[in-house]
Structure formats: structure tokens, C-alpha cells
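Student: Sequence plus the predicted model coming up.
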Amino acid sequence: MKKLLITAAALAVTAGSAMAQDVVRMGTEGAYPPWNFINDAGEVDGFERELGDELCARAELTCEWVTNDWDSIIPNLVSGNYDTIIAGMSITDERDEVIDFTQEYTPPDPSAYLALSEDMDVEGGVVAAQTNTIQAAFVAEQGWTLVEFPTPEETIAAVRNGEADAVLADKSYLAAAAAENDDLYLLEREEMIGGGVGMGLRESDPELREKFDAAIQSMKDDGSLNELITKWEVASTF
């Protein structure tokens, strides 16, 4: 999943325990279908909305949904704007230094390229990626030409308007865009640059993490998690 590059600023503020509150606030981006998006009714929708609601029910928690821009999603968890992150966030060592994670609720999702031509040479072109993701870091590490944008939609727009030759993002996100647009093509080349996706929580909330861990495990055990993954086509099943 998208990999947020954590800066020292994320360490500057801490918050209290979510378990002392009546409502657990579920933080998501709301801009990354099919993982999470805002539907026509103005509500959070998608795989993670359905998953999160079920996890809250199994954990016997009252939950509400909060949206936050991707580039500040970890700092605002730490500062107490919400109590969890459920936003297609891969578990990484770097993030784990700042926040805690539940066990993964999807296996790793490959990153793919979307372009206007099936024979586009990504190594010799300009590649767009969302700011503060490991896809962006991957392109930079290869020494290729990188352009970054704040939102996923802007990366695809950059390909359309000629600012970039291709975009690198989660395959599940780009596959939907390719299916809806005859002039956009998923390239055969893929990159495995991420780990499994989990819920992020403050390090001061071990009890909440344990509740969600148990709920995720129960969904794995009864097969309902794989059913959701298949329904929304976000990753391979367990």
C-alpha cells in the first residue's frame, strides 16, 4: 500500500488513550478507491469502511469516521485528531518507530504503472507518484525522473496532460482507472515494494490494538475477511 515517509515532526506531539473515550474515531483518507472513498451521499465508503465497521462490531466498539489528507495522516493520529488509521497503509519499520500496527488485514499489494502507451519505458520517462509514499521513494531511489502530487487523482491527471509519462501506485487503485478509461494502460511491469496493510494506532493505545487484532483474526478464521478482499478486489487473499 502507499507508504508514508515519516519525518521527525511526527514525533513532536503525543496523545492520550482512545480507550478512555466513548467513541473510537477511525481515520482514513477518503480518496483511494476501492480502499476508501467518499460516495455520492458524502459518506466514507469502500473496502476499509465495510471492514472497519465489521471490526468495530466484533470488538464491541462504537466508532465514527474521520477523513484526513494523506500527507498528515500519521502526525494527526499522534496528536489525537482520531484514534486509528485505516487507509491502505502498509506496515513498515519506519512507521512502526512512530506508531503501532495491528496484524495485517490484507497481504502486500503490488505497485503498478499506468500510462498512455503500453510500451512506455518507465526508466527513461517521467514517473508520477503521490507525495510521501514509498512509490515516490522507489522512483527516486532508481534515479528516474519523479514528479510528486498531493492526491492520487492528480497523479493520473499528470499523465493525461503530459506532465508525466506514467504513474506508479497500488495496482488495485490503478486497475480501476484503467478499466474506466480506454486510453490508459496498465503496464506489465510491477514492483513489490510494500508489506501487508494494517491499522495504525498510537503507541499509548495497546488495549485498543489488542481489540482490533482479535477482531481481524476472527475475520481471518471464519473466512469473512477473504470474502471482503475478493468483493472489493484490493489484494490477493490470505
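Tutor: Arrived safely.
Student: Give me the longest helix you can find in this structure.
Tutor: Ranked by residue count, the top helix of the chain under DSSP state H comes out as helix 206-222.
Student: list the buried ones in that one?
Tutor: Buried residues in helix 206-222, defined by neighbour count with 16 or more other Cβ atoms under 10 Å: 208-209, 211-213, 215-216, 219. Heads up, the C-betas are built off the backbone N, CA and C, glycines and all.
Student: Now for those: which two are most distant?
Tutor: Using Cβ to Cβ, the buried residues of helix 206-222 reach their maximum pairwise distance at 208 and 219, which is 17.0 Å.
Student: I'd like the buried residues of helix 206-222 laid out as JSON lines, including distance to residue 137 and pLDDT.
Tutor: JSON lines is the format used below for the buried residues of helix 206-222 (distance: Cβ to Cβ, whole Å; pLDDT from 0 to 100):
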{"residue": "208", "distance to residue 137": "29", "pLDDT": "98"}
{"residue": "209", "distance to residue 137": "26", "pLDDT": "98"}
{"residue": "211", "distance to residue 137": "32", "pLDDT": "98"}
{"residue": "212", "distance to residue 137": "28", "pLDDT": "98"}
{"residue": "213", "distance to residue 137": "28", "pLDDT": "98"}
{"residue": "215", "distance to residue 137": "31", "pLDDT": "98"}
{"residue": "216", "distance to residue 137": "27", "pLDDT": "98"}
{"residue": "219", "distance to residue 137": "31", "pLDDT": "98"}
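Student: residues contacting the spatially most central residue of the chain?
Tutor: Centroid-nearest residue in the chain, with Cα atoms, centre = their mean: residue 88, separated by 2.2 Å. By Cβ atoms under 8 Å, 6 or more residues apart in numbering, the contact list for residue 88 reads 1-2, 29, 32, 35-36, 48, 170, 197, 234.
Student: can you put the buried residues of helix 206-222 in TSV and add distance to residue 96?
Tutor: Output for the buried residues of helix 206-222, formatted as TSV (distance: Cβ to Cβ, whole Å):
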residue	distance to residue 96
208	16
209	12
211	19
212	16
213	15
215	20
216	17
219	22
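Student: Among these, which one sits closest to residue 82?
Tutor: For the buried residues of helix 206-222, the nearest to residue 82 is residue 208 (11.8 Å; Cβ to Cβ).
Student: follow-up on the earlier one: which two in the contacts of residue 88 are spaced the farthest apart?
Tutor: Pairwise distances across those (Cβ to Cβ) peak at 13.9 Å, for the pair 29 and 234.
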